[in-house]
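*Asks:* Got a predicted structure here, sequence first:
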Amino acid sequence: MRELRTAIQISAPIDQVWQVLTDFDHWGDWNPMVNHVSGNAAVNSKLDITMRGADSKDAMKYQPTILESNPPKSLRWRATMISGFFFTNDRIFELREKDGGTELVNREEFSGLMVPLFWGKMNQFVVPMLEKMNKALKDKMEAKS
């Protein structure tokens, strides 16, 4: 397994950050990485995610399954390509109360035979995407205050 990790401090209460983070129907309003997400944060439910391409049009679509939902502390989903044997991607959000606000850890874990083939590109492109999402969530939450 390989992991990419980012973190950001948000000046907002953990419960409010959790509420926005799990309001998938509105991710397209603030998250620069997606055009559309639908579903809910219940364990074993599926999300429908449409990523945003460079031209802002719909790009890759996928349907991860929620593996863990521990309000307001953590959320994990898993997506697989072909089968988990070839490529599995877990997205994990961890929220912690810190310094009067919330620390968000946004990370992805990758496993499967294809990971070594694509690791250089994933390492180059995934971290900036996670950081853009973190900043957009921070901006949304702090504008509410």
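*Replies:* That came through, no problem. Just so it is clear, the structure is predicted and the values come from calculations on it, not from any experiment.
*Asks:* For stretch 122-131, what is the distance to the chain centroid?
*Replies:* From the chain centre to the centre of stretch 122-131 is a distance of 12 Å (CA atoms, centre = their mean, to the nearest Å).
*Asks:* just checking, next helix/strand downstream of the one helix or strand residue 97 maps to?
*Replies:* Using DSSP states H and E, residue 97 sits within strand 87-98. On the C-terminal side of strand 87-98, the closest following helix or strand by DSSP H and E is strand 101-111.
*Asks:* Return the list of strands paired to that next one, each annotated with direction.
*Replies:* Looking at strand 101-111 with DSSP bridges, its partner strands are strand 2-10 (antiparallel), strand 87-98 (antiparallel).
*Asks:* neighbours of residue 36, just the number please.
*Replies:* The tally of other residues near residue 36 (other CB atoms under 10 Å) stands at 15. For every residue, glycine as well, the C-beta is placed using N, CA and C.
*Asks:* State the helix or strand in which it lies.
*Replies:* With DSSP H and E as the test, residue 36 turns up in strand 34-38.
*Asks:* so what strands line up beside that strand?
*Replies:* Paired with strand 34-38 in the same sheet, following DSSP bridges, are strand 48-52 (antiparallel).
*Asks:* how far is the partner strand from where the chain is centred?
*Replies:* Computed by CA atoms, centre = their mean, the chain-centroid distance of strand 48-52 equals 11 Å.
*Asks:* Kindly state the beta-bridge partners for residue 38.
*Replies:* In beta-bridge terms (that is, DSSP bridges), residue 38 pairs with residue 48.
*Asks:* residues contacting it?
*Replies:* Going by CB atoms under 8 Å, 6 or more residues apart in numbering, residue 38 touches 24, 25, 47, 48.
*Asks:* helices or strands up against the host helix or strand of residue 66?
*Replies:* Taking DSSP H and E as the criterion, residue 66 maps to strand 65-70. Counting contacts by 3 or more CB pairs under 8 Å, 6 or more residues apart in numbering; DSSP states H and E, strand 65-70 packs against strand 74-81.
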